[in-house]
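1. sequence first, then the predicted structure:
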Amino acid sequence: MRIGSLVLLLWLVIGAIAAGQRHYYTRPVTDCSRTGTILVTIVAGPLNYVGLNPKISCKTPEPSK
């Protein structure tokens, strides 16, 4: 269990570094697409360095008038 936790933590840290290198933290998060892309990049971890470039596109529902 301890090794698995360490591997998971390292995986997520590598993903966070990859998101930082893509400058995802420099602009404010204004929509769900940006939030989703940041989260998926972090979860993808080291896969970002072998060519994976995850992007999420979503649309939040708008209130009815």
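-> Received the coordinates, thanks.
2. for this structure, longest helix please?
-> For the chain, the helix with the greatest residue count under DSSP state H is helix 2-21.
3. please tell me how far residue 36 sits from residue 46.
-> Using C-beta to C-beta, to the nearest Å, residue 36 is found at 20 Å from residue 46. Where you see a C-beta, it was placed from the backbone N, CA and C, and this is true even at glycine.
4. tell me the SS of residue 29?
-> At residue 29 the chain is in coil, as set by DSSP: H, G, I helix; E, B strand; the rest coil.
5. how close does the residue nearest to it when sequence neighbours are not counted get to residue 53?
-> With C-beta to C-beta, 6 or more residues apart in numbering as the criterion, residue 29 has its nearest non-adjacent residue at 5.3 Å, and that residue is residue 35. With distances taken as C-beta to C-beta, residue 35 is found 17 Å from residue 53.
6. residue 18 now?
-> As judged by C-beta to C-beta, residue 18 and residue 53 stand 10 Å apart.
7. neighbour count winner among those two?
-> residue 18 (21 against 12; other C-beta atoms under 10 Å).
8. wait, the more buried one sits on residue 38?
-> No: contact criterion C-beta atoms under 8 Å: residue 18 and residue 38 do not qualify, at 10.4 Å.
9. quick revisit: the residue nearest to residue 29 is in what secondary structure piece?
-> Using DSSP states H and E, residue 35 maps to helix 32-44.
10. report the inter-axis angle for that helix versus helix 2-21.
-> Going by axes from the mean of the first three to the mean of the last three C-alpha atoms, to 10 degrees, helix 32-44 is angled at 140 degrees with respect to helix 2-21.
11. can you give me how far helix 32-44 is from the chain middle?
-> 3 Å (C-alpha atoms, centre = their mean, to the nearest Å).
12. what of stretch 24-32?
-> Centre-to-centre, stretch 24-32 and its host chain are 11 Å apart (C-alpha atoms, centre = their mean).
13. end-to-end on that stretch?
-> Stretch 24-32 has an end-to-end distance of 13 Å (criterion: C-alpha to C-alpha, to the nearest Å).
14. could you give me the buried positions within the lowest-mean-pLDDT helix or strand in the chain?
-> Lowest by mean pLDDT, DSSP states H and E among the helices and strands of the chain is helix 32-44, with a mean of 91. Neighbour-count burial for helix 32-44, with 16 or more other C-beta atoms under 10 Å as criterion, is recorded at 37, 38, 40, 41, 42, 44.
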